[in-house]
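[1] I would like the atomic coordinates for the input below:
(chains A and B)
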Protein chains: 2
Amino acid sequence: MNNADNTVWNGASRRIKMFEVGTRDGLQAEAAFVPTEDKIALVNALSRAGMAKIEVTAFVSPKAIPALSDAEIVLREIERVPGVVYSALVPNVRGAERAIDAQANEMNLVMSASESHNLANLRMTREQSLRGLAEVAALARQAGVAVNVSLSCSFGCPIEGDVAESDVFAWCGRFIDEIGATGITLCDTTGMAYPGQVARMVREFIARWPATDLTLHFHNTRGMGLANVLASIDAGARCFDASIGGIGGCPYAPGASGNVCSEDIAHALELMGYDTGIDMQALTAAARRLPALIGHDTPSQIAKAGRRLDLHPAPADFEATRARALAREH
Amino acid sequence: MNNADNTVWNGASRRIKMFEVGTRDGLQAEAAFVPTEDKIALVNALSRAGMAKIEVTAFVSPKAIPALSDAEIVLREIERVPGVVYSALVPNVRGAERAIDAQANEMNLVMSASESHNLANLRMTREQSLRGLAEVAALARQAGVAVNVSLSCSFGCPIEGDVAESDVFAWCGRFIDEIGATGITLCDTTGMAYPGQVARMVREFIARWPATDLTLHFHNTRGMGLANVLASIDAGARCFDASIGGIGGCPYAPGASGNVCSEDIAHALELMGYDTGIDMQALTAAARRLPALIGHDTPSQIAKAGRRLDLHPAPADFEATRARALAREH
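    Predicted coordinates for the structure are as follows:
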């Protein structure tokens, strides 16, 4: 209708890559163990639904996170859809060896931009974390596996509050220069990001490191998830983490809701004309199977309300009502 | 930091008016009757929290909507904070007489852009509704009471699907030309609006009727509420309905969540530098009292998670963790 509309509200077929993290970030937070074959079926459904990348699992201690103790089997037995990147979270050298062995396409390494959150979550100082990440990255490089670093609390820390943007960028610089990361994810771990901040930081990141793959990871804790995605797109970002059903969370921020919801974000972006590559029918169907897997309802809006043009029947007395209304005209 | 940032993500102290509809649109949908003195206290809290307008109640048949059978008492006994507009929904001449008598500052009249939704919801054709609205508006004009028309299903109908934009604007034109409405609210009754559509329609409305007060009314049914508000602002809108706690809904769209949540929207806009006039502490406190009044949890994110800088304590073992981490350095 309005061809001159080159605002963020008009996707104009621009390609947006959706990265699914529910199978790791989401399932890790669940009390119930999801059976291995259900995990595999879920990853396969997400591959077929058009996710560009899937964080399949984490190679962590099975004692620390029993929910993901089947990491090897899941990563080995999923279908590998050509073009889809199968990533795994790796916390240390032992995890890296397991990930290489199980043929992960990418290792996702994690540390926090906030010293307090890093200590609370990883029991190390940030400097100690960086040294560990460097060892892992060296191993990955040897094995030809890509390295992405996810920087938690990039938009604020639930313990410390604001995190200086200069600190966030200093850590990003070290990931690129010291450990050779080819991708960085700025993570809004507890939903503190807001669109003005996001737009400013994304612009600055892209200006500094145009050759580094930038991903944004938002939580919908304070209802700003989609707005933050759109602010990022407006500032030049094209890759987003999201979680089927909107599951996931952070134990250090009670009351926080989960990651932005894959189907809600994909649905909105598709309506706006972005090319997400997502098959909404397939993704919605998978999202609707999720509560049965995890034993509780999810924050997904689309799973509950349906897509925009999933219509509702008229009330049972509709024809009689219409007849009576029309009769009053005469 | 970036003074040249004149995007929608940077509010730059622009004034946004928040109109509270929870006391009418929200409470009307509740099964439990909220005691009259609690309704009055809620309206007073919303006035003091900085709402520019409050849809206090509806002058409907107490038999049809018993939840609002105390309309007169509530409107008479609330504090009238100077500058705040106290509005009431009025469906017919009898309601208009009651609203005038109770000194409403504004009557909000409602019909639907969709014939099916109008029949289902109001049991009249749209032409019949318009004739009724004209009678009410004539009475309001005589009494010196402002008239706003809320047009339901302006962004889609849960029964019919898409509603032609030309139809929406044709009805708006008739409200202005035939019945003298000074304000129009485009309502996204069941959460079908999406940002691209919203930006286009708001731009067109303002271009056609620059002198008419335009309000946007969104539901968060499909998670696009805040994004739709921001798209509207980008297109020139400045006035938004919202509901404390995000309560409210539509019986013809099962599974739909409520109105956009007042405290979630105000929180996001404040972070972005908009001037909402809202005292977030007062509004959050009122939102946290709401579940006790209505007997159930609300979709509010801010009531649950707190504001962005409402921080969380470090874990109990934090100091010991830090000491152990630092000891490893030596």
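[2] Show me which residues of the stretch 151-300 of chain A sit near chain B.
    Residues of the stretch 151-300 of chain A found near chain B (Cβ under 8 Å from any Cβ of the partner chain) are A:156, A:158-162, A:191-192, A:194-200, A:220-227, A:230-231, A:234, A:252-257, A:261, A:264, A:267-268, A:271-273. No exception for glycine: its C-beta is placed from N, CA and C like everyone else's.
[3] what do you get if the cut-off is 6 Å, keeping everything else the same?
    Within the stretch 151-300 of chain A, the positions near chain B by Cβ under 6 Å from any Cβ of the partner chain are A:158-159, A:161, A:192, A:194-196, A:199-200, A:221-224, A:226-227, A:230-231, A:253, A:255-256, A:264, A:268, A:271-272.
[4] May I see the PyMOL selection of the buried members of these?
    The following PyMOL line selects those of these that are buried, judged by 16 or more other Cβ atoms under 10 Å in any protein chain shown:
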select buried, chain A and resi 158+159+192+194+195+196+199+200+221+222+223+224+226+227+230+231+253+256+264+268+271+272
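[5] Let's see which of the residues of the stretch 151-300 of chain A next to chain B end up in helices.
    In helices, judged by DSSP state H, the following of these are found: A:Pro195, A:Gly196, A:Ala199, A:Arg200, A:Leu226, A:Ala227, A:Leu230, A:Ala231, A:Asp264, A:Ala268, A:Leu271.
[6] Against A:Asp162, how distant is the first one?
    By that I understand A:Pro195. 16 Å (Cβ to Cβ, to the nearest Å).
[7] ok and the residue in the stretch 1-150 of chain A nearest chain B?
    A:Trp9 (4.3 Å; Cβ to the nearest Cβ).
[8] For that residue, give its distance to A:Thr321.
    With Cβ to Cβ as the criterion, A:Trp9 and A:Thr321 are 37 Å apart.
[9] One more: A:Arg307?
    Distance from A:Arg307 to A:Thr321, by Cβ to Cβ: 27 Å.
[10] give me phi/psi at A:Pro299?
    Main-chain torsions, A:Pro299, degrees, to the nearest 10: phi -80, psi 0.
[11] need the contact list for it.
    A:Gly246, A:Ser257, A:Gly258 (Cβ atoms under 6 Å, 6 or more residues apart in numbering or on different chains).
[12] quick one: low-confidence parts of the stretch 201-330 of chain A?
    Along the stretch 201-330 of chain A, the parts satisfying pLDDT under 70 run over A:250-256.
[13] mind listing the strands for it?
    A:213-217, A:239-242 (DSSP state E, counting those that start in this stretch).
[14] Could you look over the ones you listed and pick the most buried one?
    Stretch with highest mean neighbour count among these: strand A:239-242 (a mean of 26; mean count of other Cβ atoms under 10 Å in any protein chain shown).
[15] Partner strands of that strand and their direction?
    Sheet pairing for strand A:239-242, assigned by DSSP bridges, gives strand A:17-20 (parallel), strand A:213-217 (parallel).
[16] What lies in contact with the first one?
    Translated: strand A:17-20. A:Leu46, A:Met51, A:Ala52, A:Lys53, A:Ile54, A:Cys239, A:Asp241, A:Ala242, A:Ser262, A:Thr276.
[17] ok, now stretch A:180-191?
    Identification of contacts with stretch A:180-191 by Cβ under 6 Å, 6+ apart yields A:137, A:146-155, A:158, A:172, A:175, A:212-213, A:215-219, A:221-222, A:250, A:253, A:256.
[18] Might you quantify the distance of that stretch from its chain's geometric centre?
    Put simply, stretch A:180-191 sits 10 Å off its chain's centre (Cα atoms, centre = their mean, to the nearest Å).
[19] Go through it and flag the buried ones.
    Under 16+ other Cβ under 10 Å, the buried positions of stretch A:180-191 are A:Ala181, A:Thr182, A:Gly183, A:Ile184, A:Thr185, A:Leu186, A:Cys187, A:Asp188, A:Thr189, A:Thr190, A:Gly191.
[20] quick check, nearest of those residues to chain B?
    A:Gly191 (6.5 Å).
[21] Give me the pLDDT value at the closest one.
    Looking at A:Gly191, its pLDDT stands at 94.
[22] For it, grab phi and psi.
    The phi/psi pair for A:Gly191 (degrees, to the nearest 10) is phi 70, psi 40.
[23] excluding its backbone neighbours, what's nearest it?
    Leaving aside its sequence neighbours, A:Gly191 sits nearest to A:Thr221 (Cβ to Cβ, 6 or more residues apart in numbering or on different chains; 2.3 Å).
[24] Quick one: residues contacting the one you found.
    A:Thr190, A:Gly191, A:Ala256, A:Ser257, B:Ala305.
[25] ok, how many other residues are close to A:Arg238?
    17 (other Cβ atoms under 10 Å in any protein chain shown).
[26] go on, A:Asp162?
    13.
[27] Show the contacting residues for it.
    A:Asp162 neighbours (Cβ under 6 Å, 6+ apart): A:Gly156.
[28] Pull up the per-residue confidence for it.
    On the pLDDT scale, A:Asp162 gets 98.
[29] Next: A:Ser112.
    With respect to pLDDT, A:Ser112 has a value of 98.
[30] so what's it bridging to?
    Applying DSSP bridges, one finds that A:Ser112 bridges with A:Ser152.
[31] my read: it touches A:Leu122, true?
    No - contact between A:Ser112 and A:Leu122 fails when scored by Cβ atoms under 6 Å: they sit 7.1 Å apart.
[32] More neighbours: those two, which one.
    Between A:Ser112 and A:Leu122, counting by other Cβ under 10 Å, A:Ser112 is the more crowded of the two (26 against 19).
[33] List the contacts of the more buried one.
    A:Asn118, A:Ser152, A:Cys153.
[34] now those residues as a markdown table including neighbour count and pLDDT?
    Output for the contacts of A:Ser112, formatted as a markdown table (neighbours: other Cβ atoms under 10 Å in any protein chain shown; pLDDT from 0 to 100):
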| residue | neighbour count | pLDDT |
| --- | --- | --- |
| A:Asn118 | 24 | 97 |
| A:Ser152 | 24 | 97 |
| A:Cys153 | 28 | 98 |
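[35] Out of those, which is nearest to A:Ala31?
    Taking Cβ to Cβ as the measure, A:Ser152 is the one of the contacts of A:Ser112 closest to A:Ala31, at 22.3 Å.
[36] thinking again about what came up before, what is the nearest of the contacts of A:Pro299 to chain B?
    A:Ser257 (6.6 Å).
[37] If I look at A:Lys94, what pLDDT would I see?
    One correction, residue A:94 is Arg, not Lys. 97.
[38] Got the confidence number for the residue lying closest to it once chain neighbours are set aside?
    Leaving aside its sequence neighbours, A:Arg94 sits nearest to A:Phe59 (Cβ to Cβ, 6+ apart; 7.7 Å). At A:Phe59, the model reports a pLDDT of 98.
[39] residue contacts, A:Phe59?
    A:Phe59 neighbours (Cβ under 6 Å, 6+ apart): A:Ala71, A:Ala88, A:Val90, A:Gly95, A:Arg98, A:Ala99.
[40] rerun that using 8 Å as the cut-off
    A:Ala71, A:Ala88, A:Leu89, A:Val90, A:Pro91, A:Arg94, A:Gly95, A:Ala96, A:Arg98, A:Ala99, A:Ala102 (Cβ atoms under 8 Å, 6 or more residues apart in numbering or on different chains).
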